[in-house]
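Visitor: Any chance you could fold what I've pasted below:
(3 chains)
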Amino acid sequence: MSSCGFSTCTLPETLQSRELICNKPSCISKHSKKNCISADLSHLKTSWQRKGRLRCQALDVESNHAFLKGEVFQLDDVIEAQQFDREILSAIFEVAREMETIEKKSRGNQLLKGYLMATLFYEPSTRTRLSFESAMKRLGGEVLTTENAREFSSAAKGETLEDTIRTVEGYSDIIVMRHFESGAARRAAMTANIPVINAGDGPGQHPTQALLDVYTIEREIGKLDGIKVGLVGDLANGRTVRSLAYLLAKYNDVKIYFVSPEVVKMKDDIKEYLTSKGIQWEESADLMEVASKCDVVYQTRIQRERFGERIDLYDEARGKYIVNRDILHVMQKHAVVMHPLPRLDEITVDVDGDPRAAYFRQAKNGLFIRMALLKLLLLGW
Amino acid sequence: MSSCGFSTCTLPETLQSRELICNKPSCISKHSKKNCISADLSHLKTSWQRKGRLRCQALDVESNHAFLKGEVFQLDDVIEAQQFDREILSAIFEVAREMETIEKKSRGNQLLKGYLMATLFYEPSTRTRLSFESAMKRLGGEVLTTENAREFSSAAKGETLEDTIRTVEGYSDIIVMRHFESGAARRAAMTANIPVINAGDGPGQHPTQALLDVYTIEREIGKLDGIKVGLVGDLANGRTVRSLAYLLAKYNDVKIYFVSPEVVKMKDDIKEYLTSKGIQWEESADLMEVASKCDVVYQTRIQRERFGERIDLYDEARGKYIVNRDILHVMQKHAVVMHPLPRLDEITVDVDGDPRAAYFRQAKNGLFIRMALLKLLLLGW
Amino acid sequence: MSSCGFSTCTLPETLQSRELICNKPSCISKHSKKNCISADLSHLKTSWQRKGRLRCQALDVESNHAFLKGEVFQLDDVIEAQQFDREILSAIFEVAREMETIEKKSRGNQLLKGYLMATLFYEPSTRTRLSFESAMKRLGGEVLTTENAREFSSAAKGETLEDTIRTVEGYSDIIVMRHFESGAARRAAMTANIPVINAGDGPGQHPTQALLDVYTIEREIGKLDGIKVGLVGDLANGRTVRSLAYLLAKYNDVKIYFVSPEVVKMKDDIKEYLTSKGIQWEESADLMEVASKCDVVYQTRIQRERFGERIDLYDEARGKYIVNRDILHVMQKHAVVMHPLPRLDEITVDVDGDPRAAYFRQAKNGLFIRMALLKLLLLGW
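Guide: Reported below is the predicted structural model:
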C-alpha cells in the first residue's frame, strides 16, 4: 500500500472541500482527496455512478500494487503502459479471453447496458475510435461521439481541457480520449470523477495499443517469457514499438532485435532501460537473419510525416526492410508477423494469405482488450 | 383559448388538403390546418407516431394557455424562451427533478425505448449536442447524428431547410436542430409533423439554455420570486443573458443588476421590456458591490468574435470584470456563481472549488432539462 | 447454376488457404474460394457470424438464380442494380412491405438486436447515411459511424481499401459503404467476410436508390408491367435515371419517355439496352404532352457541378423543364411525380401539397427498402 506517486501533483482546488467516504478498513473513515496525498491513494476517487465505492486513480503504479484491493486488482483509469505490471497484464488478458467468447457466441450481450461512453477525439483516429465504440456496443453499452473535437466549439473558443472534462463527465460514465498533446490524458484523469482511457495523446502514450500487442503475442506464441522479438522499421518515432519494448521488459529471458534504417534507429533511452532490466537486445541490419530466429517479427510503417522535405531520405528508409514471401520462407513455422496498421508496402500483400500473418488478428484483438478494459473500469473485476 | 399568433404566417401548401381530427370539445370536429389559422391552433398538429392525438404548435403562447389541454399542459415544439410562462416552467422543472432521480438511480431507463432523435446541427456545438444525445440515451432512446450538416451534401447542393426537414422527419421521431440562421427553428417546426427542439438558431434563440439557467437558479437558491441577479460581462451579444432577463421578468419582485464594459452594455429593448413588466433593474460598474447583494452572479464570456479587428477593445473589455476569490469573499453564503460555459478567464479557476461555484452543476442541469423536454414532447405529461 | 461471373477476377491471396464447407448438394464438399472460380461461386463466402452457413457473393447474377438456395433466394451483398431480377425485386418488396408495418406499428422492434452496422462513408451523404442508420436502429440494431472517412486517419496515410475493410469487418456485422471511386463497393465485397451494401460508389452504382424507386412506383401505381414513365431533367449524368431505366427493362410493356435539355440527353448505351430488351422508348421536347400520358413523371436535378465554367449552359438547361401546377393539371388522377431529392426549383413548391407529389413518400420508402435489405443480409429470408 505504498504511495501512488501523486505526491508531486497539485490537486485542483475543486476537490478540496469534497469529502470522501472510504470503505477500506485500514483507512481513516473520512478524508479529502488532498489530505490523502501522502497516504494511500488507491481508494480516493468516488464516482457519481457508484456511490459508496471507492476508486483508485492509479496513474503510476509500476512499483506497487495499487491495483490490488482486497483480493482483486483495482483499475480506475488507463493512462500509460507503465501502469501495468505482469500480474495486471495477465489478469486483463484473462478478461480479454472471456470477451472473445462473448463476442463470438452471444449476440446482444448486455453487460454494460445503461452505461454511456464518451469518445472525445481531439484528432481523428477512425480505426481506434471504431474499435472502442464497437467494444462498448458489443457489451450493450451506448456511445456519445465527437469525431473531431479540436475544431469544434468549446475548445476552439479557448476552453481548457479540464473544463471540457468536467462538463462531459456529467453526460457520460466513462471517457475515451484522443488528444494531440502529450500528458493530456493524465490531466483529464486527474480532473474526472469517472474513468478515463487514453486512446493516444500525441507523441505520448497509446496504452491500449501496447496491451493488444502483448496480448496478441501471448495468444499467437502461447507465452511471453523466453521469446525473441524483432522490431522492424521506424523505431525512432513509432510509439508502439517503444511501448512494446517497455512492456516486454517485464518478462523473463526476452531477446529483442532492432532492425531499422539508420535515420530512424531506436533511441538510447529504451536501450538503456532494457539493459537496466536485464533484457538482451541487439541491433541488426539483416532482416532475413533476424526473421529466421524470432518468434515475432513486428514490422512498422516508416512515417513520412517525420521526414519533412527530405523525401529522398524517406524513400530510402521505407524501401530498406520489407516483409515479403522471402522473409516468410525463412521464418519458423510457429512464428508470426505483426504490424500496428495501417500498413503501406512494408509488408507485401502476398504475405496476407499466410497463417503466420497475424496483423488482422492483432487488430481484432484490440476489440477484445478494449471490451475487457471497459468492463473492468465500469464494473470492476 | 386565444390565437397562437400564427395569423400572419403563410402555411405551406402541403398542409392544405390534410384533414385533422380534433378531440377538443370546443372545436369543430374536422378541419384543415389552414382553416384554423384564425381560430385555435393549439390542437392542429398531428403526428404520424401518435395517430388521433392532436398536438399544438405553440410558437407564441406567452399570453395564453395554449399548452393547457384538459387538465395538463401540452408541449409540441420548443422554439423560443417566450413560449413558456411560469406555470409551464414550473411543470417542466418538476419533470426535470424526476429526471435527476432517474439519471442517478436507475441505470438503463427505458422510458424512450424505440424512439429516435435526429440531431441536425448546421453548425457545430459539441457541448449542446452531447447534452441532448446523453439525455436521449439516458432514457433508452436512440440517436441519428449530423455533426456538421451545413457543409454536407443536400444543403450544400441548395436544398431548402423545409425539404431537409420533410426527409429527416421520415427517419426519426423528434428533431433537435442547431442552425446559423435566426428563425430557422420556427420554420422547421412549421414544416415538421414531429416535434422540433431549437438547440440554438444563430443570433436568435437557445431556449433550452434559458430553461436550464432558470432551473439552476431555482435549484440553487430555492425560489425565483424576490431574487437579486447580477448579469455580468458581454450583455450586448450574449443571447443567454437576454433570454434569462426575459424569463426572470415572469417572476415577482426580481431585481436585476447589469455589470458590463461600456462597449457591450445591455441593449435598450430588454431594459424597456423589464420596465414594462415592473421589474427593477440597475446598471453598475462595481462588481464587488453587486456581488455582495445578489443571490446569483451570472458571469458571461466576452465574445472575441464580436470585436473583429479591435483587439484592443476586446482586451480592455475582457479584463474588466473578473469573478475571483475576492468576489467570492463578499458574496453571501447562500449565493451562487453561474456561467453558461465555455469560460476563459472571466472566472478564475481558484473559484471552482468553492461550493458556491454552480456552473458545472448548471451544465449538468442542462441534461435534466433536456431529458424532461424529450420525455414531454414524445410521451406527453 | 451458372457462373457468377467472377472468372476474370483475381482473388486475394488471403483466401487461398482458407477452407470453406459447402452445403450445396451439387458441390464438392470442401474447396478453397480460389479453386471454385470456374465453378459455382454462389456459395463460397463464409461469415464469422454464421458459422457453417454458406453465403453467395452474388455480384453478377442477372442471368441466373444464384440467389436461389433451396426454395428461397440468397442475398449476400448489395453492389449494383444489375444483380436483381424480377423475382428478387418482388421478394425484396414483400419484405419492405412488412417493414412498413414494423416501422408504423411496433415501437422498439428488436429483430436486429445485437447486430452492428458500420457506415463507412468516404464522402459525405447525410441523407443516405441517416436513412441507413435509421433503418438499422428501427430494427433494434446498432451503428458505428464514419461521416467522412476520406480525410481521416488510415486512408489519409495511404492504407488500401482492402486493409480498411479487413479491419472494420472485425468490429461489425455488416458494412454500408459510400465511396468516391466506381467499383470500390465490389472490391470491398470481395474482401469482406461480412455483407457489404453499396451506398453509392462515385459515378458508379447506387443500387438502394434504384430499388426504392422501383418500389415506390409499385406502391404508388400498383403495378410495374405496362406502365408509362417519363424521365425528365439531367439524363446524361444522373445515375438514378440510368439505373431506373435499367431495372424497368425487366418488366413487360413498359414505355419510357426521355425529356431533357439537349446538353444532358440520355446516352446511347441505355437506349440500345432498352431496345435490345424490347422496351419502347421515345425522346420528346414536350413535357406537357408526356406528363399527360405517363403514370410516373420522374424529375431530376440538373447537376451544376457537371457544367464547370459554363454557367450559361447550366442556367439554360435547368430552366427548361419544370414540374409545376400546370404540369399537374394535365397529369392523370392516378399518376405521380417522383424525384430522388434533393430538389432545387425543378419542381415548384406549390406542387408539394398535391396528393400526386410522391417524392417525400419516395424518400420514406428508402427507409423500408434499407430495413428490408439489412434484415435479409443479416438474418436471411
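Visitor: all helices in the stretch 251-381 of chain A, in order from the N-terminus.
Guide: A:268-276, A:287-293, A:311-320, A:325-330, A:359-379 (DSSP state H, counting those that start in this stretch).
Visitor: Just give the nearest non-adjacent residue to the residue in the stretch 51-200 of chain A that chain B sits nearest to, would you?
Guide: Of the residues in the stretch 51-200 of chain A, the one nearest chain B is residue A:114, at a distance of 2.8 Å by CB to the nearest CB. For every residue, glycine as well, the C-beta is placed using N, CA and C. Leaving aside its sequence neighbours, residue A:114 sits nearest to residue B:108 (CB to CB, 6 or more residues apart in numbering or on different chains; 2.8 Å).
Visitor: residues near the one you found, how many?
Guide: Using other CB atoms under 10 Å in any protein chain shown, residue B:108 has 15 neighbouring residues.
Visitor: Kindly confirm my reading that it forms part of a helix.
Guide: No - counting by DSSP: H, G, I helix; E, B strand; the rest coil, residue B:108 is not part of a helix but coil.
Visitor: so it makes contact with residue B:137?
Guide: No - taking contacts as CB atoms under 8 Å, residue B:108 lies outside contact range of residue B:137: 10.2 Å.
Visitor: Can you check the pLDDT for the residue of the stretch 51-200 of chain A closest to chain B?
Guide: Predicted confidence (pLDDT) for residue A:114: 96.
Visitor: Burial check on it, number of neighbours?
Guide: That count, for residue A:114 with other CB under 10 Å as the rule, works out to 19.
Visitor: For residue A:143, grab phi and psi.
Guide: phi -130, psi 140 (degrees, to the nearest 10).
Visitor: make that residue A:112, sorry
Guide: phi -110, psi 20.
Visitor: repeat for the one 4 residues further on
Guide: When read as degrees, to the nearest 10, the backbone of residue A:116 gives phi -130, psi 120.
Visitor: pLDDT weak spots in the stretch 151-300 of chain A?
Guide: Residues of the stretch 151-300 of chain A that meet the criterion pLDDT under 70 lie in A:151-156.
Visitor: need the strands for it, in chain order.
Guide: Using DSSP state E, counting those that start in this stretch, the strands of the stretch 151-300 of chain A run over A:174-179, A:196-201, A:228-232, A:255-259, A:280-283, A:296-299.
Visitor: Off-centre distance for the first one?
Guide: Centroid separation for strand A:174-179 versus its chain: 12 Å, with CA atoms, centre = their mean, to the nearest Å.
Visitor: The stretch 151-300 of chain A against chain C: which residues are in contact?
Guide: Residues of the stretch 151-300 of chain A lying close to chain C by CB under 8 Å from any CB of the partner chain: none are found.
Visitor: and the residue of the stretch 151-300 of chain A nearest chain C?
Guide: Counting by CB to the nearest CB, the stretch 151-300 of chain A gets nearest chain C through residue A:178, at 10.2 Å.
Visitor: As a markdown table, the strands of the stretch 151-300 of chain A with mean neighbour count and distance to chain B would be great.
Guide: Formatted as a markdown table, the strands of the stretch 151-300 of chain A follow (neighbours: other CB atoms under 10 Å in any protein chain shown; distance: least, CB to the nearest CB, whole Å):
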| stretch | mean neighbour count | distance to chain B |
| --- | --- | --- |
| strand A:174-179 | 26 | 11 |
| strand A:196-201 | 26 | 16 |
| strand A:228-232 | 27 | 38 |
| strand A:255-259 | 23 | 42 |
| strand A:280-283 | 14 | 45 |
| strand A:296-299 | 27 | 35 |
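Visitor: Same list, those strands, but as JSON lines with distance to residue C:268 please.
Guide: Putting the strands of the stretch 151-300 of chain A into JSON lines (distance: least, CB to CB, whole Å) gives the following:
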{"stretch": "strand A:174-179", "distance to residue C:268": "52"}
{"stretch": "strand A:196-201", "distance to residue C:268": "53"}
{"stretch": "strand A:228-232", "distance to residue C:268": "55"}
{"stretch": "strand A:255-259", "distance to residue C:268": "58"}
{"stretch": "strand A:280-283", "distance to residue C:268": "65"}
{"stretch": "strand A:296-299", "distance to residue C:268": "51"}
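Visitor: Name the stretch among the helices of the stretch 251-381 of chain A that sits most buried.
Guide: helix A:359-379 (a mean of 23; mean count of other CB atoms under 10 Å in any protein chain shown).
Visitor: mind exporting that one as PDB, just the C-alpha atoms?
Guide: Taking C-alpha atoms only, helix A:359-379 is exported to PDB below (Å, rounded to 0.1, in the frame of the first residue of the first chain):
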ATOM      1  CA  TYR A 359      -1.800  -8.400 -38.200                       C
ATOM      2  CA  PHE A 360      -5.500  -8.500 -38.900                       C
ATOM      3  CA  ARG A 361      -6.000 -10.900 -35.900                       C
ATOM      4  CA  GLN A 362      -4.000  -8.300 -33.900                       C
ATOM      5  CA  ALA A 363      -6.400  -5.600 -34.900                       C
ATOM      6  CA  LYS A 364      -9.300  -7.700 -33.900                       C
ATOM      7  CA  ASN A 365      -7.600  -8.400 -30.500                       C
ATOM      8  CA  GLY A 366      -7.800  -4.600 -30.000                       C
ATOM      9  CA  LEU A 367     -11.500  -5.100 -29.700                       C
ATOM     10  CA  PHE A 368     -11.200  -7.800 -27.000                       C
ATOM     11  CA  ILE A 369      -8.700  -5.700 -25.000                       C
ATOM     12  CA  ARG A 370     -10.900  -2.700 -25.200                       C
ATOM     13  CA  MET A 371     -14.000  -4.700 -24.200                       C
ATOM     14  CA  ALA A 372     -12.000  -6.000 -21.200                       C
ATOM     15  CA  LEU A 373     -10.900  -2.600 -20.100                       C
ATOM     16  CA  LEU A 374     -14.400  -1.100 -20.400                       C
ATOM     17  CA  LYS A 375     -15.800  -4.000 -18.400                       C
ATOM     18  CA  LEU A 376     -13.100  -3.600 -15.700                       C
ATOM     19  CA  LEU A 377     -13.300   0.200 -15.400                       C
ATOM     20  CA  LEU A 378     -17.100   0.200 -15.300                       C
ATOM     21  CA  LEU A 379     -17.900  -3.000 -13.400                       C
END
